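>>> Could you work out the structure for the sequence below:
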Amino acid sequence: MTRYVPLAVTACLAAVAGLSFQRVFGLGPVVPVAAVAAVVPTLLCGLLSGPRKKAPWPLWISLVLTVLAWVATVSLTVLRPALGDGTLPQTLREGVLSSWKAILTTLLPAPAEPKFLVLVSVVVWLAAFASAELALRTSLRAAPALPSLGAWAVALLLGVDGPGSNLPLAAATAVLVAVLVLVRADGPDAGVAWRPLAAGAPIAAALGALAFAAGPLVPVSAAPYDPREQVGAPPPQRRDGVSPLDRVGGWLLSPGQVMFTVGSTRAEIERLAVLDRFDGVTWSSTARFVPSGSRVPEGPKPGGRHEVVQRITIRELSGVWVPAPDRPRRVDGLPVVVDPGSGALAAAQPLRPGQTYRVESVVPEWTADDLAGAGAATGAEAEAARRLPWGPGARKPPVQLAEFRAFAQAATRGAATPLQKATMLADYLKVHAKYDVTAAPGHGYRQVDYFLGEGRRGTPEHFATAYALLARTLGLPSRVVVGFEGGRREGGTLQVRSGDVTVWPEIKFDRLGWIRFNPIPDSGRPARKDEGVAAGETEQKLEQAQKSAASQQRDPDQGKTTQQEQQKAAPVDDSPTPWWVFASIAVGALIIGYLCAVLLAPALRRRRRRAGTPAARIIGAWHQALDHLADVGLSTARTLTAHEVARFGTSSIGESAHGHLGPLADLVNQSRFAASHPDPGAADRAWRHTDELGRLVTARAGRLRRLRRRLHPRSFRDRPAVRSRPR
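The predicted structure follows:
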């Protein structure tokens, strides 16, 4: 029994290591894969090991059979869908050789596809097989835990930045490793083997509870290593050949097309495409899309926000850009790729009518306090968003740039801060031009120059792109976003039509990220009835917050002071952990470690004493009896014979102790000085006398006194043997 009990523990260790992949795929898809991959190879190793007295099969036979068993098991479980369509060999090869790279280029949680889950199966299977073989073929107590720790390392690397926490699983691993060490300790029989386990299991559970409680308090000085930084993310397989910005004019001229429907109690502005690169003629996107299982990374956190859940059904919207409120957090029902920087969504394949997906979003709500003192963003992305290229093939700057700069400076005269400039520029454009859906489309330098100078009539395309270019001449990083606002309520859904399309510019601020501004006249905004009130209130609050924050910064010195105060206050949030936290953790760890050691040492020493030959077991029983007698005043046995110790115990405990100490002293002397060797029965009698003596000592000295003596450091010390000659 003791030969196979560790196999159950190693199987649990491998299964827990497999469950740690839940940060990669989620817990649901991982549970059955980890359970099968941990149990089957363990059972196979147990069968091949043979009976206790028979040597196990050669390792190479076990290795060959486990590989064949894994191929058969994974084909019937994880890769069952591939059996019917004939793609099993290809899927199996991709899963083993390249699934790790696909996972590293996918936003977590990764989709629970068979080719990805093959990696979990093979890692857990190898860990379970190696652990079982080490448990059966080696005597090292903790060695069988090493393969499962290796599986843990794989899961941790692949699950960096994944949702959820592996802290409970780590605590469970600590408990299982301690249990494995206990059950693999040497023992003469199964009954003896379980006694230290019964004593050590509560201590192991306490260690796991301590690991679980102290885990969140452990300070981490740096972000964990992320292997995704070393792997280049591939672009989407399909990209939209026509920019949504080029379609705005046509959609506005045919406003009745139902682009998509939204099932939600709250209407929101639906973002479609984020365009941040301008080449002098057209706007395009520099998004680096990566596959996503369902999650979208978070962006800058505003002071306020509200959550919204929508079920969107595609109708006549074409292309690959996927509409969703800003900023989406989770998308289910539609395979999408995600730009981690902007949160923009794109479909892996062109959209089709009837496709339905569920999107969870957290819509930011900026306040005047959030915007106050905000400075223009810096960095590589912000510098790219300030560029004003001359245009394809141009060898000198276009004359329009100087005109745009003069126009922007006149519109923002008196503005001292980036927020003031952005707000005044939007207000100026609202009254400078009129909204007209019949205006000729186009957003290059010439078209924007005509819109600002002569035509002064345009669609959201003209207002937003003109604002973005003018903002860049002022040194503000800008981009253009295409989306939809409003809609018509039909029953329980909101029908978003082509006439609801809109375009808006965004400015990037330090600490805040991209903030929307509205340069479109009120006549160009869709009429809102009950279906657009929520979205309209959100936009109106943002505009009011922008104006309030800008009005608070009319004094340049006041704006500088506000920025300086915020810069001084910012480090407070990142202040280092106080020294007393580290000291408290260290002291607590030392105390817990000492308690575990001082409580576990006697149990391990007792287990060691009960092992070995009958003579060694009798001497071990005598040493255990000396430990008991120390609790009633026996200070040393170095100069006493066995019968002198027995007389001391009788005088200290009572006559009831003589019936056990006397026979035990006789057995000790016989084992050391008799010509014949004692038999196992004599060793069992010696330990029965010792156990009964322990109960008498407990009744005499009391449990509290025995516990205090056990907590003393001298409990680590072993008792000396009896004298070498009997009296």
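
>>> how much distance is there from stretch 327-343 to the middle of the chain?
Here the centre of stretch 327-343 is set off from its chain's centre by 18 Å, with Cα atoms, centre = their mean, to the nearest Å.

>>> List the buried residues in that stretch.
Within stretch 327-343, the residues that count as buried by 16 or more other Cβ atoms under 10 Å are 327-331, 334, 336-343. C-beta coordinates here come from the backbone N, C-alpha and C atoms, glycine included.

>>> likewise stretch 540-551?
542, 545, 546, 547, 549, 550.

>>> Output those as JSON lines; include the columns secondary structure and pLDDT.
What follows is those, written out as JSON lines (DSSP: H, G, I helix; E, B strand; the rest coil; pLDDT from 0 to 100):
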{"residue": "542", "secondary structure": "helix", "pLDDT": "79"}
{"residue": "545", "secondary structure": "helix", "pLDDT": "79"}
{"residue": "546", "secondary structure": "helix", "pLDDT": "82"}
{"residue": "547", "secondary structure": "helix", "pLDDT": "81"}
{"residue": "549", "secondary structure": "helix", "pLDDT": "77"}
{"residue": "550", "secondary structure": "helix", "pLDDT": "76"}
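
>>> Can you show me the CA trace of the helix or strand encompassing residue 419 as CSV?
For residue 419, the host element (DSSP states H and E) is helix 418-432. Backbone C-alpha positions of helix 418-432 (Å, rounded to 0.1, in the frame of the first residue of the first chain) are rendered in CSV as follows:
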residue,chain,number,x,y,z
PRO,A,418,-3.2,71.8,-24.2
LEU,A,419,-6.7,71.2,-22.8
GLN,A,420,-7.7,74.8,-23.5
LYS,A,421,-6.4,74.6,-27.0
ALA,A,422,-8.3,71.4,-27.7
THR,A,423,-11.5,72.8,-26.3
MET,A,424,-11.4,76.2,-28.0
LEU,A,425,-10.5,74.6,-31.4
ALA,A,426,-13.6,72.3,-31.2
ASP,A,427,-15.9,75.3,-30.2
TYR,A,428,-14.4,77.4,-33.1
LEU,A,429,-15.1,74.8,-35.8
LYS,A,430,-18.7,74.4,-34.6
VAL,A,431,-19.5,77.9,-35.6
HIS,A,432,-17.0,78.2,-38.5
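
>>> out of the buried residues of stretch 540-551, who's nearest residue 413?
Lowest distance from residue 413 to the buried residues of stretch 540-551 (Cβ to Cβ) belongs to residue 550, with 14.0 Å.

>>> Go ahead and confirm the closest one touches residue 416.
No: assessed by Cβ atoms under 8 Å, residue 550 is found out of contact with residue 416, at 9.8 Å.

>>> can you pull the contacts of residue 498?
251, 252, 254, 255, 256, 257, 259, 316 (Cβ atoms under 8 Å, 6 or more residues apart in numbering).

>>> okay, and the helix or strand of this structure with the least pLDDT?
Lowest mean confidence among the helices and strands of the chain (mean pLDDT, DSSP states H and E): helix 556-573, at a mean of 42.

>>> Give the next helix or strand downstream of that one.
helix 579-609.

>>> what about that next one, distance to the chain center?
With Cα atoms, centre = their mean, you get 30 Å for helix 579-609.

>>> average pLDDT across it?
The average pLDDT for helix 579-609 rounds to 74.

>>> Now tell me what touches stretch 449-462 from outside.
Here stretch 449-462 makes contact (Cβ under 8 Å, 6+ apart) with 245, 248-249, 252, 400, 403-404, 407, 432-437, 439, 441, 443, 447-448, 466, 501-504, 520, 524.

>>> Filter the residues you listed down to the buried ones, ChimeraX style.
Selection of buried members from those for ChimeraX, criterion 16+ other Cβ under 10 Å:
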select :245,248,249,252,400,403,404,407,432,433,435,436,437,439,441,443,447,448,466,501,502,503,504,520,524
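
>>> Output the contacting helices and strands for the helix or strand where residue 14 lies.
In this assignment (DSSP H and E), residue 14 forms part of helix 5-19. Here helix 5-19 touches helix 27-49, helix 114-137, helix 146-158, helix 167-183, going by 3 or more Cβ pairs under 8 Å, 6 or more residues apart in numbering; DSSP states H and E.

>>> Quick check: buried residues in the last one?
Within helix 167-183, the residues that qualify as buried by neighbour count (16+ other Cβ under 10 Å) are 169-183.

>>> Next: stretch 57-71.
Quick answer for stretch 57-71 (16+ other Cβ under 10 Å): 62, 65, 66, 69, 70.

>>> Need the worst-confidence member of those residues.
Taking those together, the minimum pLDDT is found at residue 62 (83).

>>> I'd say it and residue 42 touch.
No: with contact defined as Cβ under 8 Å, residue 62 does not reach residue 42; the gap is 11.8 Å.

>>> what is in contact with the two at once?
Common neighbours of residue 62 and residue 42, using Cβ under 8 Å, 6+ apart, are residue 129.

>>> host element of the residue positioned nearest the centre of the chain?
Geometric centre of the chain, nearest residue: residue 162, 3.4 Å, by Cα atoms, centre = their mean. Remark: residue 162 resides in no helix or strand, with elements defined by DSSP H and E.

>>> cool, residue 494 as well?
strand 493-497.

>>> for residue 19, what are its contacts?
Residue 19 touches 27, 30, 31, 34, 169, counting by Cβ under 8 Å, 6+ apart.

>>> what's the answer for residue 322, then?
Neighbour list for residue 322: 272, 331, 334, 336, 345, 346, 347, 351, 357 [criterion: Cβ under 8 Å, 6+ apart].

>>> who does the last one bridge with?
It refers to residue 357. residue 312 (DSSP bridges).

>>> what do you get for the fourth one?
Beta-bridge partners of residue 336, counted by DSSP bridges, are residue 292, residue 347.

>>> thinking it is in contact with residue 343, fair?
No: using Cβ under 8 Å, residue 336 makes no contact with residue 343, being 11.2 Å away.

>>> Between all of the buried residues of stretch 327-343, which two are separated the most?
Across those, the two members that end up farthest from each other (Cβ to Cβ) are 334 and 341, 20.7 Å apart.
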